[in-house]
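Student: Fold the following, please.
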Amino acid sequence: MRRLVITCLIATLLTSCGTDRPSDPLQVTDNLTAATPATSPAATTPPAGQVHPAPPVQLSAFDPETTTLVLASGPTLTLINTSTGAQQQVTLASPPAGLHTQNGQLLAALPDSGQITRVDLRTAQPSSTTVPGGPVYAVDLDAERTAVALRNPATVTILRNGTPTATADNLSGPAQLLPTPNDVYVLDRLTTAITPINPTNGEKGAGLRAGQGATNAISDRYGRIITIDTRGQELLAFSTDPLVMKQRYPVPGSPYGLAYDPTRDLAWVTLTATNELVGYDIAGGEPTERHRLPTITQPNSVAVDPHTGTIYVASANGAGYQVVKP
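Tutor: The predicted structure is shown next:
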């Protein structure tokens, strides 16, 4: 049954998603661990589009400015110029926990080596900055400031030209950062929550529970945060300023990978339990399914080119990467 737009009060009652005061930390979920993708069954339907060979891919990202697809396999990044087909490889100090593309650059957070590596996607030249605490995700807020989610301690730190200027603490499992004009929002996989942080002073706003096991999130062109609840098998949408849950939509099949096409207002979701890719139109009051395609096995990550609409699905078990053109 579809569940349409929900008021904040109903969202709180259904999901216990609110905190009474910003200083009250959301509790770790009963499962005590972050949600993970399902183990895919053997393929029974040929995947859509074209499949190219690749080792197991843990993370993928796409940079529209350079039309570069980034595939992370352990500590090795494969950079594929999708316009020319040219490929280059960059070897990092350790496997990345998070990738973020911005303005022709890639930010890779390396928790095991305590570094953030910035890769110029035009030249494939890396440069690293030491960040103690096990960085798991990094995003530039402007030309001088970078927000970094740290594993230990579980905090979000704002760096100005490499120097910490503000820190938000009392988190449990910060995993992904989503900047907005005024705040930066953190997806915490252990508390399965979205929490706003003031990047000037590190002050946290009131967080909202994001289902039973949120794993991945993106921002859309309307200023909303779209989140995958893998454990609860739902697609969630939150408005910001203030943070309010607006949509909950059932997505059976263990949803995990998530990408957003702002040109077509499509949220692309991979289903690891069924080897499928589903495209949802999220421009209206509720998501509307527009596409459903068979994928390679273990489709843990997905990226999209907003110029052409081409979708790239990467397998975490060595089945390659899949290119699906409109």
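Student: how about the strands in the stretch 1-150 of the chain?
Tutor: In the stretch 1-150 of the chain, the strands defined using DSSP state E, counting those that start in this stretch lie at 50-52, 59-63, 68-73, 76-81, 87-91, 98-102, 105-110, 115-120, 125-130, 135-140, 145-150.
Student: For the first one, name the packing helices and strands.
Tutor: Other helices and strands packing on strand 50-52, by 3 or more Cβ pairs under 8 Å, 6 or more residues apart in numbering; DSSP states H and E, are strand 321-324. (Glycine included, C-beta is placed from N, CA and C.)
Student: I'd like the strands of the stretch 1-150 of the chain laid out as a markdown table, including mean pLDDT and mean neighbour count.
Tutor: Rendered in a markdown table, the data for these read as follows (pLDDT from 0 to 100; neighbours: other Cβ atoms under 10 Å):
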| stretch | mean pLDDT | mean neighbour count |
| --- | --- | --- |
| strand 50-52 | 98 | 14 |
| strand 59-63 | 98 | 23 |
| strand 68-73 | 98 | 24 |
| strand 76-81 | 98 | 19 |
| strand 87-91 | 98 | 13 |
| strand 98-102 | 97 | 21 |
| strand 105-110 | 98 | 24 |
| strand 115-120 | 98 | 21 |
| strand 125-130 | 97 | 13 |
| strand 135-140 | 98 | 24 |
| strand 145-150 | 98 | 24 |
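Student: okay if I get the ones you listed as JSON lines plus distance to Thr200?
Tutor: Listed next are the strands of the stretch 1-150 of the chain as JSON lines, based on distance: least, Cβ to Cβ, whole Å:
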{"stretch": "strand 50-52", "distance to Thr200": "44"}
{"stretch": "strand 59-63", "distance to Thr200": "28"}
{"stretch": "strand 68-73", "distance to Thr200": "31"}
{"stretch": "strand 76-81", "distance to Thr200": "32"}
{"stretch": "strand 87-91", "distance to Thr200": "33"}
{"stretch": "strand 98-102", "distance to Thr200": "20"}
{"stretch": "strand 105-110", "distance to Thr200": "21"}
{"stretch": "strand 115-120", "distance to Thr200": "21"}
{"stretch": "strand 125-130", "distance to Thr200": "21"}
{"stretch": "strand 135-140", "distance to Thr200": "16"}
{"stretch": "strand 145-150", "distance to Thr200": "9"}
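Student: among those strands, which is nearest Glu289?
Tutor: strand 59-63 (22.5 Å; Cβ to Cβ).
Student: shaky segments in the stretch 151-300 of the chain?
Tutor: For the stretch 151-300 of the chain, no stretch has pLDDT under 70.
Student: can you tell which of the strands of the stretch 1-150 of the chain is closest to Ala168?
Tutor: Per Cβ to Cβ, nearest to Ala168 of the strands of the stretch 1-150 of the chain: strand 145-150, 9.4 Å.
Student: Who are the packing partners of that closest one?
Tutor: Applying 3+ Cβ pairs under 8 Å, 6+ apart, we find strand 145-150 packed against strand 105-110, strand 135-140, strand 155-160, strand 174-179.
Student: ok, it: who's next to it in the sheet?
Tutor: strand 135-140 (antiparallel), strand 155-160 (antiparallel) (DSSP bridges).
Student: Would you format those strands as JSON lines with distance to Val324 included?
Tutor: Below are the strands paired with strand 145-150 laid out as JSON lines (distance: least, Cβ to Cβ, whole Å):
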{"stretch": "strand 135-140", "distance to Val324": "27"}
{"stretch": "strand 155-160", "distance to Val324": "34"}
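Student: Quick one: closest of these to Pro196.
Tutor: Closest to Pro196 of those, according to Cβ to Cβ: strand 155-160, at 10.7 Å.
Student: That closest one: which residues count as buried?
Tutor: Thr155, Val156, Thr157, Ile158, Leu159 (16 or more other Cβ atoms under 10 Å).
Student: circling back: and Ala217, which of the strands of the stretch 1-150 of the chain is closest to it?
Tutor: Nearest of the strands of the stretch 1-150 of the chain (Cβ to Cβ): strand 135-140, 10.8 Å.
Student: for the closest one, the distance to its chain's centre please.
Tutor: Distance, stretch centre to chain centre, for strand 135-140: 11 Å (Cα atoms, centre = their mean, to the nearest Å).
Student: tell me the angle that strand makes with strand 125-130.
Tutor: For strand 135-140 against strand 125-130, the angle by axes from the mean of the first three to the mean of the last three Cα atoms, to 10 degrees is 120 degrees.
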